[in-house]
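Participant: Predicted model and sequence follow; I will ask about them next.
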Protein chains: 2
Amino acid sequence: MTETPATPARLDTLVRCLKTRGCRITPQRVAVLKIILNSAQHPSAEEIHARVQVDYPMTSLATVYKTLALLKDMGQVTEISLGHSGSRYDGHPADPHSHLICLKCNRIFDADIPALAALPQSVQQSTGFTITHQRFDFFGICSECQNNPTSIT
Amino acid sequence: MTETPATPARLDTLVRCLKTRGCRITPQRVAVLKIILNSAQHPSAEEIHARVQVDYPMTSLATVYKTLALLKDMGQVTEISLGHSGSRYDGHPADPHSHLICLKCNRIFDADIPALAALPQSVQQSTGFTITHQRFDFFGICSECQNNPTSIT
DNA sequence: TTTACTGCAAACGATTTGCAGTCCC
DNA sequence: GGGACTGCAAATCGTTTGCAGTAAA
């Protein structure tokens, strides 16, 4: 279970990266960036939208999606598609990690499993696949939900 | 890269399992079962539908989805949701394996990676999560697509 | 005969797109 | 001032659902 603390330096990096692309830095966009970077819990587009609206009530969901698309494109955000109930967004794809997905409270925790680091390499050799990226998800019930009979969310 | 040969015995098992549930054995349903069991490449609902229609042209997509839902419910089929372009279906969830997903031809291959077998257990202990199931996906380009510049599909 | 299943069409829900107006740079 | 961005509403698209008719048991 890993905390993902806010990293102001990373926000600067993303802003600079956007500018380089010729993208403009709008308040809505910055708000989305901050929310994603500060979220350890991998929010959904709807959740991001709700949180942006606290500061910018006019912000539309479409804008959130467009910003997310941009970030995905830059490789700065990973989409965790869950099939049902849409996708969740991971603002820290750089260091590879697994996801622990709680089926009760729907939160997604990061897990650092060192053993997985060597895997792509060995799979690549044994299968002939050229592996670009991977995804390791564990589904189950988090420790909090095991203790509390009522869901937390 | 694993072949998944047809297993008539498994068809019988599923049919029996359905009967036990009070479900009826219709031609369309059997067709879907056979296609899933004989597919090593994890077809989409649309693909299954197209293949069923070869023998039963009247079959609707809704029926395919309903049968898939039934099989998922029985734990006999796993849904591999890819976010974009819908889900794919794995008729061999019993023995746990990873998926090698080719980003070019969109085929999904099975990979048996022994190292992963012990993972759930150890993750469970180190995180306090109760893990019910997991999913290991490797994304990249399959060896065929690396050799052929034109996609195969 | 019973009632689960089928096919159709309409509904759904997350995501996307087109467009006219806005406002970063 | 120009063009990227925004917000809105409509469009998409895979999947689900409701329902009247059909057929497995």
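Facilitator: Received it, and whenever you're ready, just let me know what you need. Residues are numbered from 1 along each chain as shown, chains lettered A, B, ... in the order given.
Participant: C-alpha only now, for contacts and for neighbours.
Facilitator: Noted.
Participant: tell me the mean pLDDT for the longest strand along chain A?
Facilitator: Secondary structure of chain A per DSSP state E: the longest strand is strand A:130-141. Average pLDDT, strand A:130-141: 93.
Participant: which parts of the following helix or strand past that strand are buried?
Facilitator: Once the chain leaves strand A:130-141, the next helix or strand it forms, by DSSP states H and E, is helix A:143-147. Going by neighbour count (16 or more other Cα atoms under 10 Å in any protein chain shown), the buried part of helix A:143-147 is A:E144, A:C145.
Participant: buried residues in stretch A:9-25?
Facilitator: Neighbour-count burial for stretch A:9-25 flags A:L11, A:L14, A:V15, A:L18 (criterion: 16+ other Cα under 10 Å).
Participant: Residues contacting it, please?
Facilitator: A:V30, A:L33, A:K34, A:L37, A:Q76 (Cα atoms under 8 Å, 6 or more residues apart in numbering or on different chains).
Participant: Which of those fall within helices?
Facilitator: A:V30, A:L33, A:K34, A:L37 (DSSP state H).
Participant: Report pLDDT for A:T2.
Facilitator: On pLDDT, A:T2 comes in at 43.
Participant: what's the answer for A:H97, then?
Facilitator: We have a pLDDT of 87 for A:H97.
Participant: repeat for A:I113
Facilitator: pLDDT for A:I113: 88.
Participant: How about the one 3 residues further on?
Facilitator: Looking at A:L116, its pLDDT is 87.
Participant: element containing the residue in chain A sticking out farthest from the centre?
Facilitator: Relative to the average C-alpha location in chain A, and by Cα atoms, centre = their mean, no residue lies farther out than A:S126, which sits at 30.1 Å. Here A:S126 sits within helix A:119-127, counting by DSSP H and E.
Participant: picking that back up, now the residue farthest from the centre of chain A: how far from A:L14?
Facilitator: 37 Å (Cα to Cα, to the nearest Å).
Participant: Check A:L103 too.
Facilitator: Applying Cα to Cα to A:L103 and A:L14 gives a distance of 32 Å.
Participant: Would you enumerate the residues in contact with the residue nearest to the spatial centre of chain A?
Facilitator: The residue lying closest to the centre of chain A (Cα atoms, centre = their mean) is A:D90, at 0.8 Å. Taking Cα under 8 Å, 6+ apart, we find A:D90 in contact with A:I36, A:H42, A:P43, A:V77, A:T78, A:E79, A:I80.
Participant: Can you give me the separation between it and DNA strand D?
Facilitator: From A:D90 across to DNA strand D, the span is 20 Å (Cα to the nearest atom of the strand, to the nearest Å).
Participant: so that residue bridges to which residues?
Facilitator: Assessed by DSSP bridges, A:D90 has beta-bridge partners A:T78.
Participant: what number of residues lie near the residue nearest to A:F129 when sequence neighbours are not counted?
Facilitator: Using Cα to Cα, 6 or more residues apart in numbering or on different chains and skipping residues adjacent in sequence, the residue nearest A:F129 is B:C142, 4.6 Å away. Neighbourhood size, B:C142 [other Cα atoms under 10 Å in any protein chain shown]: 25.
Participant: Run through the residues that contact B:C142.
Facilitator: B:C142 neighbours (Cα under 8 Å, 6+ apart): A:G128, A:F129, A:T130, B:L100, B:I101, B:C102, B:K104.
Participant: try 10 Å this time
Facilitator: B:C142 makes contact with A:124, A:127-131, B:1, B:100-109 under the criterion Cα atoms under 10 Å, 6 or more residues apart in numbering or on different chains.
Participant: still on that earlier bit, alpha carbons of the helix holding A:S126, in PDB - could you do that?
Facilitator: Output of helix A:119-127 as PDB, limited to C-alpha atoms (Å, rounded to 0.1, in the frame of the first residue of the first chain):
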ATOM      1  CA  LEU A 119       9.200 -10.100 -16.000                       C
ATOM      2  CA  PRO A 120       8.900  -8.100 -19.200                       C
ATOM      3  CA  GLN A 121      12.400  -9.000 -20.200                       C
ATOM      4  CA  SER A 122      12.000 -12.700 -19.600                       C
ATOM      5  CA  VAL A 123       8.600 -12.900 -21.200                       C
ATOM      6  CA  GLN A 124      10.000 -11.100 -24.200                       C
ATOM      7  CA  GLN A 125      12.700 -13.700 -24.600                       C
ATOM      8  CA  SER A 126      10.500 -16.700 -24.100                       C
ATOM      9  CA  THR A 127       7.700 -15.600 -26.400                       C
END
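Participant: Which neighbouring elements make contact with it?
Facilitator: Contacts defined by 3 or more Cα pairs under 10 Å, 6 or more residues apart in numbering or on different chains; DSSP states H and E place helix A:119-127 against strand A:130-141, strand B:98-102, strand B:108-111, strand B:130-141.
Participant: try 7 Å this time
Facilitator: Here helix A:119-127 touches strand A:130-141, going by 3 or more Cα pairs under 7 Å, 6 or more residues apart in numbering or on different chains; DSSP states H and E.
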